[in-house]
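take a look and give me a structure for this.
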Amino acid sequence: MEMYNADGSRGEMCGNGIRCVAKYVYERGLARVSPLRVETDAGVKTLWLVVRDGEVESVTVDMGEPVLEGSLIPVAAEGEIVDHPLTVDGGEYRVTCVSMGNPHCVVFTDGIASLAVEAIGPRFERHPFFPRGVNAEFVEVAGRRRLFARVWERGSGETAACGTGACAAVVAGVRTGRSERRVTVTLRGGDLEIEWREADNRVYMTGGAQHVFEGVLEL
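I've put the predicted structure just below:
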């Protein structure tokens, strides 16, 4: 699987995209197996499909172990970046950074429904603290098992949902003591079930995929 952002740049991984790939290849008979293994720029991912009447209803993806070491995310700092102060566009934010194959910066805040993500998102994405840019998650805690999130994605802007971002939000929630390890993350495009398992240190994402339209692209 290769994934390209809206600006044409290539992303390492897309949590929502990989579920769509699973639905596509299964329902068109290209790979009628479960588990399904998909090679991405962030490594090979294993997917388990829930199928009913020949259609894929949901997909669980082993998203791998989160990367917490700053130099590997990467950010311009060593060690874990947990509730780290960062000045962005004149304001100070507390950020927690995680890589889920691609870099994420999680900010816990209230009132995200009215947050001007389109204004502040690009400031995070291009901040010098993030040498390869970053996906920014603005997360509101609704309980230890539910988070609300809006996401500014590197190279694409604000999106309706982000699978790797939802995973990063839960990892950040656990690392800052705000959430449990198994959480429902509500994004503008719907809910994702995320679990960061203590037994194997891996993050599992479960969500659906829907057939929206078909078209022909001339190259």
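
check contacts around the spatially most central residue of the chain.
In the chain, the residue lying closest to the centroid (Cα atoms, centre = their mean) is residue 164, at 1.7 Å. Taking Cβ atoms under 8 Å, 6 or more residues apart in numbering, we find residue 164 in contact with 13-15, 63, 100-102, 104, 135. Backbone N, C-alpha and C define where each C-beta goes, glycine included.

among these, which one has the most neighbours?
Highest neighbour count within the contacts of residue 164: residue 104, with 31 neighbours (other Cβ atoms under 10 Å).

and stretch 131-144, average pLDDT?
Averaging pLDDT along stretch 131-144 gives 97.

residue 122: neighbour count?
Using other Cβ under 10 Å, residue 122 has 15 neighbouring residues.

from residue 106, how far out is it?
Residue 122 sits 17 Å away from residue 106, going by Cβ to Cβ, to the nearest Å.

rewinding a little: now the two most distant members of the contacts of residue 164.
Spanning the widest gap among these are 63 and 135, at 13.9 Å by Cβ to Cβ.

alpha carbons only: can I get stretch 204-212 in CSV?
Extracted in CSV, the C-alpha atoms of stretch 204-212 (Å, rounded to 0.1, in the frame of the first residue of the first chain):
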residue,chain,number,x,y,z
TYR,A,204,-5.0,-2.2,17.7
MET,A,205,-7.5,-0.1,15.8
THR,A,206,-11.0,-1.3,14.9
GLY,A,207,-13.3,0.6,12.5
GLY,A,208,-15.5,0.3,9.4
ALA,A,209,-15.1,1.2,5.8
GLN,A,210,-17.8,2.2,3.3
HIS,A,211,-18.1,2.1,-0.4
VAL,A,212,-18.8,5.7,-1.4
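
let me know the pLDDT of the closest residue in space to residue 55 that isn't next to it in sequence.
For residue 55, ignoring the flanking residues on the chain, the nearest one in space by Cβ to Cβ, 6 or more residues apart in numbering is residue 27 at 6.3 Å. Model confidence at residue 27, given as pLDDT, is 95.

and for residue 213?
Listed pLDDT for residue 213 reads 88.

next: residue 76.
97.

okay, now it: neighbour count?
Residue 76 is flanked by 13 other residues according to other Cβ under 10 Å.

can you tell me how far it is from residue 166?
From residue 76 across to residue 166, the span is 25 Å (Cβ to Cβ).

quick one, what contacts residue 124?
Listed by Cβ under 8 Å, 6+ apart, the contact partners of residue 124 are 88, 105, 107, 130, 134, 136, 152.

now for those: which two are most distant?
Between all members of the contacts of residue 124, the farthest pair (by Cβ to Cβ) comes out as 107 and 130, at 13.1 Å.

quick one on the thing from earlier: just the contacts of residue 124: which are in strands?
88, 105, 107, 136, 152 (DSSP state E).
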